[in-house]
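>>> Can you look at this prediction? I've put the sequence above it.
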Amino acid sequence: MEVTSIPADTYKVGFFGAGKMAESIARGMVRSGILPPSRICTAVHSNLTRGHAFESFGVSVLPDNQAVVKDSDVVIFSVKPQVVKDVILQLKPQLSKKQLLVSVVAGIKLKDLQEWAGHERFIRVMPNTPSAVGEAAS
């Protein structure tokens, strides 16, 4: 596998799924100073309240998932386990081999995520409950 680095001073993170876990991770990134909110984005479809939650701390809410893919070096999948395969397959044509794909989806094997995405730059991370208050270990 070819090693591709992502520039630490300019990388952008995009979230698929704008639920509580994604919000906790994004909020923690901003609060800790890891990333400014201008380098984080998500897309919200059915629940506009979730979009307002992200906007409340400066994160961009883009019009659709394709815009999130286009604008992100690191793509975090934070959706329900029953929809993750469909989301990945829908976005597969836009995913770049240079992007780092991250799953926080419970119960889905890394091998399956990599197969659905069509590349190996996919990792699984399981944040724990204290992520909501910035005291997490993953």
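Yep, that arrived. It should be emphasised that the depicted structure is a prediction, and the values quoted were computed from it without experimental measurement.
>>> need the contact list for Ile6.
73-74, 98, 100 (C-beta atoms under 8 Å, 6 or more residues apart in numbering). For every residue, glycine as well, the C-beta is placed using N, CA and C.
>>> swap the cut-off to 6 Å and go again
Contact analysis of Ile6 by C-beta atoms under 6 Å, 6 or more residues apart in numbering lists Asp73.
>>> What distance do you get for it to Ala53?
Relative to Ala53, Ile6 is positioned 26 Å away (C-beta to C-beta, to the nearest Å).
>>> repeat for Ala8
From Ala8 to Ala53 the distance is 27 Å (C-beta to C-beta).
>>> do the same with Asp9
Counting by C-beta to C-beta, the gap from Asp9 to Ala53 is 27 Å.
>>> More neighbours: which of these two?
Ala53 (21 against 5; other C-beta atoms under 10 Å).
>>> Now do the phi/psi pair for that one.
With angles defined as degrees, to the nearest 10, Ala53 sits at phi -60, psi -40.
>>> now the closest residue to Gln114 other than its chain neighbours, which residues is it bridged with?
In space, Gln114 comes closest to Phe122 once its chain neighbours are excluded; the distance is 4.8 Å by C-beta to C-beta, 6 or more residues apart in numbering. Residues in a beta bridge with Phe122, per DSSP bridges, are Leu101.
>>> Give me the nearest residue to Trp116, chain neighbours excluded.
Trp116 sits nearest to Ile88 (C-beta to C-beta, 6+ apart), 4.3 Å away.
>>> try Lys12
Lys12 sits nearest to Arg39 (C-beta to C-beta, 6+ apart), 4.7 Å away.
>>> any idea how far the one you found lies from Gln90?
Arg39 is 24 Å from Gln90, by C-beta to C-beta.
>>> ok, the two, which is more surrounded?
Shown here are Arg39 and Gln90; by other C-beta under 10 Å, Arg39 has more neighbours (21 against 13).
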